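>>> One predicted model, sequence on top.
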Amino acid sequence: MIEYSLLLVCTGNTCRSPMAEGVAKRMLAELKRVPIDQLEAAGVRVRSAGVMSGGGSPASAEAVEAMQQIGIDIADHQSSALTEDLIQDADAVYTMTEGHRQAVLMLSPNASAKTQRLDPEGDIIDPIGAPLEVYRQTAEMIRRALEQRITERYGDAAKR
């Protein structure tokens, strides 16, 4: 049974949200003390989607490489389109930008209480087309924001 479901949203679901999904899965698996592939069996589901995704696209090569450099494998990621069902199934929806948050609320107006930007300080800018170093910087921004959000949910046990 799923006790907590997290949805991460960006534009195309090929850069930021797949990176965030990978980082969140690792953090939550460490918190639950289970292997990543056992996270759902431990009651936690992490998904990602894109507000403009047609679905079925791989993660960008730079996103895959940036994640590999920190020991997270997103090579098998396939993009998903944001749907009202995904939003409704989530306990928390974290978006990369305010525009993404507005897109979530257009699909599901009753999700406002659980939908927030991942980084409360501002938007996490899309690295698409930028050099690998920008992807690494984006991944670090995502990691810090997720640590804060997961700590909000699970307390200091989430801090690494």
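Thanks, I have the structure now.

>>> and the nearest residue to P131 once chain neighbours are set aside, what are its phi and psi?
In this structure, P131 finds its nearest non-sequential neighbour in E62, 7.8 Å apart by C-beta to C-beta, 6 or more residues apart in numbering. Every C-beta, even on glycine, is put in place using the N, C-alpha and C of the backbone. Dihedral pair for E62: phi -70, psi -40, per degrees, to the nearest 10.

>>> helices or strands up against the longest helix belonging to the chain?
Taking DSSP state H as the criterion, the chain has its longest helix at helix 132-154. Applying 3 or more C-beta pairs under 8 Å, 6 or more residues apart in numbering; DSSP states H and E, one finds that helix 132-154 contacts helix 16-32, helix 61-68, strand 92-95.

>>> try 7 Å this time
Other helices and strands packing on helix 132-154, by 3 or more C-beta pairs under 7 Å, 6 or more residues apart in numbering; DSSP states H and E, are helix 16-32, helix 61-68.

>>> And the longest one, what's buried?
The one in question is helix 16-32. Neighbour-count burial for helix 16-32 flags 16-29, 31-32 (criterion: 16 or more other C-beta atoms under 10 Å).

>>> can you check the shortest one too?
With burial defined by 16+ other C-beta under 10 Å, the residues of helix 61-68 counted as buried are E62, A63, V64, A66, M67.

>>> quick check, distance from it to the centre of its chain.
In terms of C-alpha atoms, centre = their mean, to the nearest Å, the centre of helix 61-68 is set 15 Å apart from its chain centre.

>>> do stretch 142-150 as well
Worked out by C-alpha atoms, centre = their mean, stretch 142-150 lies 10 Å from the chain centre.
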